[in-house]
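A.B. asks: Got a predicted structure plus its sequence, pasted below:
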Amino acid sequence: MAELFDPMLPLTYRVVERQKENSDTFTLVLAPANGALSTAFAPGQFNMLYVFGVGEIPISISGDPAVATPVIHTTRAVGNVTRAMNGLRPGDTLGVRGPFGTAWPIAQANGHDVVIVCGGIGLAPLRPALYALLAHRERYGKIVLLYGARTQEDMLYRHELEQWRARFDLEVYVTVDRATGRWHGNVGVVTALIPRAPFDPAQTLAMVCGPEVMMRFTVQALERRGVAAERIYLSLERNMQCATGYCGHCQFGPKFICKDGPVFRYDTIASFFGKQEV
């Protein structure tokens, strides 16, 4: 008899590999321990990662959705749990619950241009979407990636970014807030790339992830360019603690981010997105 899935019960995973992305960001490659099976995920979904004796935190899945195992998560060491995760090494274990949440609208993007706008670590939740789009490249029009980081040293997946930039079927534009070292590319906020990015706004679906202030200005820039609100999608991850809507910590207006998100169509949250009291 098959075991029933318990969303509140973490399964034990083992760290297979740890990759340092920049000074405070790292990637963990995880595989199920004790013969457990990984659950397939959709681009944009997240897992709850539990460091035994420390606590639990939601982290978007940043690997290839076509590959169930291993499970890949990229995060910054900014709190007790993520700092403890940063100390894990191959062979160490942690608990994993999930996947949870809504996904990026890959199917709805069929026949459209797709623009992906991300800031900082916001590239991690969008990487699975880019993998999914490129796996069936013939289904879409132009695919444009606009990525902003503080400096070139803060960029994620730098080797992969170079591979993407070398493709003829993908437009990649990168900018930094501050030029360092031998950087000779764009300097400025990522929203400054939107007015000149090569996509047809009347036929474009946009996926956006980054700090909330960056997403707010990105939405404004996309709408000025002519992208309709109902074709702009945002990923919000804040205050999630249970992932099942029981605790209420992630209530966002009339919605719960863990159940109704983290990916939202902008027009469904426009009336309260960006308001400090929400």
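C.D. replies: Nice, thanks for sending it over.

A.B. asks: Name all residues that make contact with residue 248.
C.D. replies: By C-beta atoms under 8 Å, 6 or more residues apart in numbering, the contact set of residue 248 is residue 256. C-betas here are computed from N, CA, C, even on glycine.

A.B. asks: That one belongs to a strand?
C.D. replies: No: under DSSP: H, G, I helix; E, B strand; the rest coil, residue 248 sits outside any strand and is assigned coil.

A.B. asks: tell me, what residue is most central in the protein?
C.D. replies: residue 125 (1.2 Å; C-alpha atoms, centre = their mean).

A.B. asks: got the contact list for the helix or strand harbouring residue 234?
C.D. replies: Under the criterion of DSSP states H and E, residue 234 resides in strand 232-235. Outside strand 232-235, the residues that touch it by C-beta under 8 Å, 6+ apart are 44, 60, 104-105, 122, 125-126, 205-209, 215, 219, 222-223, 261-267, 269, 273.

A.B. asks: How about stretch 178-193?
C.D. replies: Residues from elsewhere that reach stretch 178-193 (C-beta under 8 Å, 6+ apart): 117-119, 146-148, 150-153, 173-177, 210, 214, 217-218, 220-221.

A.B. asks: Quick one: distance of that stretch to the chain centre.
C.D. replies: Here the centre of stretch 178-193 is set off from its chain's centre by 22 Å, with C-alpha atoms, centre = their mean, to the nearest Å.

A.B. asks: buried residues in that stretch?
C.D. replies: 186, 189, 190, 191, 193 (16 or more other C-beta atoms under 10 Å).

A.B. asks: Please enumerate the helices of this protein.
C.D. replies: Under the criterion DSSP state H, the chain contains helices at 80-86, 123-135, 158-165, 212-225, 257-260.

A.B. asks: Kindly export the third one (C-alpha atoms) in PDB.
C.D. replies: So that's helix 158-165. Provided in PDB are the C-alpha atoms of helix 158-165 (Å, rounded to 0.1, in the frame of the first residue of the first chain):
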ATOM      1  CA  ARG A 158      28.000  33.100 -14.000                       C
ATOM      2  CA  HIS A 159      29.200  30.200 -16.100                       C
ATOM      3  CA  GLU A 160      25.600  29.400 -17.200                       C
ATOM      4  CA  LEU A 161      24.900  33.100 -18.000                       C
ATOM      5  CA  GLU A 162      27.800  33.000 -20.400                       C
ATOM      6  CA  GLN A 163      26.400  29.800 -22.000                       C
ATOM      7  CA  TRP A 164      23.000  31.500 -22.400                       C
ATOM      8  CA  ARG A 165      24.500  34.600 -23.900                       C
END
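
A.B. asks: All good on my end, thank you.
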